[in-house]
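**Q** Below is the sequence, then the predicted model.
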Amino acid sequence: MAPVLSVHDLRVRIGRREIVQGISFDVEPEQTLGIVGESGSGKTMTALAATGLLDAAGAVTTGSSQLAGQSDSPATQLVGARPAVLRSVHGGRIGFVFQDPGTSLNPLLTLERQITESLQAHRGMTRRQARQRALELLEAVGLPDAQRRLDSYPHQLSGGQRQRVMVAIALACNPELLIADEPTTALDVTTQAQIVELIKELQRDFGAAVVWISHDLGLIGQVADTVTVLQDGAVVEAAPILDVFDRPSHPYTKQLLEARPRIGAGGPEPAPADAPVLLSVEQLEVSFGGTPAVRDLTFHIRRGTTLGLVGESGSGKSTVAGALTGLVTPTAGRATLDGTDVFTVRGAAEKQLRRRISLVLQDPFSALDPRARVGSAITEPLAVHKLRPSGRARAQRVAELLDLVGLPSEFASRYPHELSGGQRQRVSIARALAVEPEVVILDEATASLDVSVQDRVLQLLTDLQRDLGLTYLFISHDLAVVERMSHDVLVMQAGAAVEYRPAADLLTTPEQDYTRTLLAAIPPARPRGG
């Protein structure tokens, strides 16, 4: 049987730089090919070029990418194809699920309109037929109350629900090929597991071939039959999935495997038994429009330790961070930092308090002003809190902070877009440390990073805690990462505490079903089967 997609010697050049370097692969019917690599490895560029979707200014694509023919028709060459040819296959014979459904879905159109568009264009359905098919698809992808949701808009859905809608749109016309480009990266582990299983089930039902793109080999181990590993736009390894896990042949593949966070790998060094409580939160409650977001939450963090705050999207984790940093007004409860009331302090005392608690957000690109150089971003808190009297002293402090997070001092003159994701997150950490805080709140601070970059940032945070005596509130949906960083763990669900115990106890002998569900959703260390 001929491959659904056959790519040979695919190359993409922008200016003098070759971004994709002679990549070849085949995708067989009902097979899943995993394409793995870090940011900048050429994964997405390869998929876009191979399917005729690449629209980068100045890009020149060469090579061959053939979509198998139908009935007696010949294969369709996608590289260099005319727009009419590409329109005939995109959405019809090739479906796409991208990383961020928030930007992939049209905010001005209902879910029905977004699903029925391709059905009417490629299958010639009437509006009534297309609406019925859209309803069937939303039910197939497990969207609750599908009938009512047809008339909903994307902003009315959670991230996981929006991604389910993207899957429904991609599969609307029963495509022969599904391109899934980091479709679960921004999702919590349980929703990720649901989307993985959903695509597997739909692949079995519809018989589609799948190209699954990810930076996470652990995830690829759950979904792929074969793997192509990319580094700097070139293939460094291509093999069946179990061979890659059991006998990786290239150092880069070994590096990706070793960088994966895994439950059971161990946590931080034990904290002193007599470490005093630095941050205490008691019976915290937060509501939005009368709807409870955090309910009767109590926890304590000892000085120099890390509390891991865990839960799915919507569990209230980030709301807790907002309450502690003054971004959200609590409805009830009390929080004290070494005796100072966090919620009621005002005036000069409040400004002093804000110095003592810093926040690092998930997306460093949106957290940094794109128009400000790195040096200015780090200098700003120094100026606001008057921590250095002169420009020269501030510039020296910026250099010290960059060195502290492992970046050269010349990075002070760069803009955020000139840095990688990991470098931007290091700048965000340097900015947070500029005010010399006692507590650093890390809100999914490594969730958007490649596994190897994440590994380096986690090691940096560990070193900073040891050297500076920092206290962390580490918010994450990834229990493997939480285990590595945390002395204690608090699991949240629907705004309330489910389980709160020392990390080693909670992660080895969970007492609650919800905690067990979170642990079960973590990709296994080795693919099952084989």
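**A** Structure's in. What do you need?

**Q** contacts and neighbour counts: CA atoms only from here.
**A** Fine.

**Q** And for the residue nearest to Ala234 when sequence neighbours are not counted, the neighbour number?
**A** Distance criterion CA to CA, 6 or more residues apart in numbering; nearest residue to Ala234, sequence neighbours excluded, is Gln21 at 5.1 Å. Other residues near Gln21 number 19, with proximity taken as other CA atoms under 10 Å.

**Q** Restricting to C-alpha, output the helix or strand hosting Gln21 in PDB.
**A** Using DSSP states H and E, Gln21 sits in strand 17-27. Below are the C-alpha coordinates for strand 17-27, written out as PDB (Å, rounded to 0.1, in the frame of the first residue of the first chain):
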ATOM      1  CA  ARG A  17      20.100  30.100   5.500                       C
ATOM      2  CA  GLU A  18      18.700  26.600   4.900                       C
ATOM      3  CA  ILE A  19      16.100  26.100   7.600                       C
ATOM      4  CA  VAL A  20      15.100  22.600   6.500                       C
ATOM      5  CA  GLN A  21      17.900  20.400   5.200                       C
ATOM      6  CA  GLY A  22      17.000  17.500   2.900                       C
ATOM      7  CA  ILE A  23      14.300  15.900   5.000                       C
ATOM      8  CA  SER A  24      12.700  12.600   3.800                       C
ATOM      9  CA  PHE A  25      10.000  10.500   5.400                       C
ATOM     10  CA  ASP A  26       6.900   8.400   4.500                       C
ATOM     11  CA  VAL A  27       3.600   8.200   6.500                       C
END
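
**Q** what's the next secondary structure element after that strand?
**A** strand 32-36.

**Q** orientation of that following strand relative to strand 17-27 in degrees?
**A** Interaxial angle of strand 32-36 relative to strand 17-27 (axes from the mean of the first three to the mean of the last three CA atoms, to 10 degrees): 160 degrees.

**Q** rewinding a little: now do the residue nearest to Ala234 against Val12, distance only.
**A** The gap separating Gln21 from Val12 is 7 Å, by CA to CA, to the nearest Å.

**Q** Kindly report the same for Ala168.
**A** From Ala168 to Val12 the distance is 31 Å (CA to CA).

**Q** Any stretches of the stretch 151-300 of the chain with poor pLDDT?
**A** 186 (pLDDT under 70).

**Q** Quick one: the strands in it, in order.
**A** 177-181, 209-214, 226-231, 234-240, 277-288, 291-302 (DSSP state E, counting those that start in this stretch).

**Q** that older thread, who are the contact partners of the residue nearest to Ala234?
**A** Residues in contact with Gln21 (CA atoms under 8 Å, 6 or more residues apart in numbering) are 9-12, 233-234.

**Q** Kindly give a single PyMOL line that selects the buried subset of the residues you listed.
**A** PyMOL command restricting the contacts of Gln21 to the buried ones, with burial defined by 16 or more other CA atoms under 10 Å:
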select buried, resi 10+11+12+233+234
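
**Q** Would you mind putting the contacts of Gln21 into JSON lines with distance to Leu33 alongside?
**A** Shown next, in JSON lines, are the contacts of Gln21 (distance: CA to CA, whole Å):
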{"residue": "Asp9", "distance to Leu33": "17"}
{"residue": "Leu10", "distance to Leu33": "16"}
{"residue": "Arg11", "distance to Leu33": "19"}
{"residue": "Val12", "distance to Leu33": "21"}
{"residue": "Gly233", "distance to Leu33": "17"}
{"residue": "Ala234", "distance to Leu33": "16"}
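
**Q** Which members of the contacts of Gln21 are the farthest-apart pair?
**A** Across those, the longest distance by CA to CA is 12.0 Å; it joins Asp9 and Gly233.

**Q** So which of the contacts of Gln21 is the closest to Glu410?
**A** Distance to Glu410, by CA to CA, is smallest for Gly233 among the contacts of Gln21, at 27.5 Å.

**Q** is it true that the closest one touches Ser39?
**A** No - using CA atoms under 8 Å, Gly233 is not in contact with Ser39, being 10.5 Å away.

**Q** In terms of secondary structure, what does the lowest-mean-pLDDT helix or strand in the chain contact?
**A** Within the chain, no helix or strand scores below helix 101-104, which has a mean of 76 by mean pLDDT, DSSP states H and E. Applying 3 or more CA pairs under 8 Å, 6 or more residues apart in numbering; DSSP states H and E, one finds that helix 101-104 contacts helix 159-170.

**Q** If you count contacts, what does the helix it packs on end up packed against?
**A** Using 3+ CA pairs under 8 Å, 6+ apart: helix 159-170 touches strand 94-97, helix 101-104, helix 111-122, helix 127-140, helix 189-206.

**Q** Go through the last one and flag the buried ones.
**A** What that stands for is helix 189-206. The neighbour-count check on helix 189-206 (16+ other CA under 10 Å) flags 189-196, 198-200, 202-203 as buried.

**Q** Reformat those as CSV; add distance to Leu368.
**A** Shown next, in CSV, are the buried residues of helix 189-206 (distance: CA to CA, whole Å):
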residue, distance to Leu368
Val189, 27
Thr190, 30
Thr191, 29
Gln192, 28
Ala193, 31
Gln194, 33
Ile195, 31
Val196, 32
Leu198, 36
Ile199, 35
Lys200, 38
Leu202, 40
Gln203, 40
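
**Q** Pick out the most distant pair among the residues you listed.
**A** Val189 and Gln203 (20.9 Å).

**Q** Looks to me like Glu410 is in a helix.
**A** Yes - counting by DSSP: H, G, I helix; E, B strand; the rest coil, Glu410 is part of a helix.

**Q** distance of it from Leu433?
**A** Applying CA to CA, the value for Glu410 to Leu433 is 19 Å.

**Q** Same drill for those two, tell me which one is more crowded.
**A** Counted by other CA under 10 Å, Glu410 and Leu433 do not tie: Leu433 has more neighbours, with 27 against 11.

**Q** List the contacts of Thr325.
**A** So Thr325 contacts 354, 357-359 (CA under 8 Å, 6+ apart).

**Q** what are the phi and psi values for it?
**A** Here is the backbone geometry of Thr325 (degrees, to the nearest 10): phi -100, psi 10.

**Q** what residues are up against the closest residue to Asp341 other than its chain neighbours?
**A** Distance criterion CA to CA, 6+ apart; nearest residue to Asp341, sequence neighbours excluded, is Ala335 at 5.8 Å. Taking CA under 8 Å, 6+ apart, we find Ala335 in contact with 279-282, 284, 324, 341-343.

**Q** What pairs with the host helix or strand of Ala335, parallel or antiparallel?
**A** Per DSSP H and E: Ala335 is located in strand 332-337. Take DSSP bridges as the rule and strand 332-337 pairs in its sheet with strand 277-288 (antiparallel), strand 340-341 (antiparallel).

**Q** out of those strands, nearest to Tyr514?
**A** With CA to CA as the criterion, Tyr514 lies closest to strand 277-288 of the strands paired with strand 332-337, at 21.3 Å.

**Q** so how far is that closest one from its chain's centroid?
**A** Computed by CA atoms, centre = their mean, to the nearest Å, the chain-centroid distance of strand 277-288 equals 27 Å.

**Q** swap in stretch 292-312?
**A** Stretch 292-312 has its C-alpha centroid displaced from the chain centroid by 22 Å (CA atoms, centre = their mean).

**Q** cool, stretch 172-189 as well?
**A** On the basis of CA atoms, centre = their mean, stretch 172-189 sits 14 Å off its chain's mean C-alpha point.

**Q** Likewise for stretch 277-296?
**A** The chain centre lies 26 Å from the centre of stretch 277-296; the measure is CA atoms, centre = their mean.

**Q** Stretch 499-507 now?
**A** 25 Å.

**Q** Just the buried residues of it, please?
**A** For stretch 499-507, by 16+ other CA under 10 Å, it's 499-501, 503-504, 506-507.
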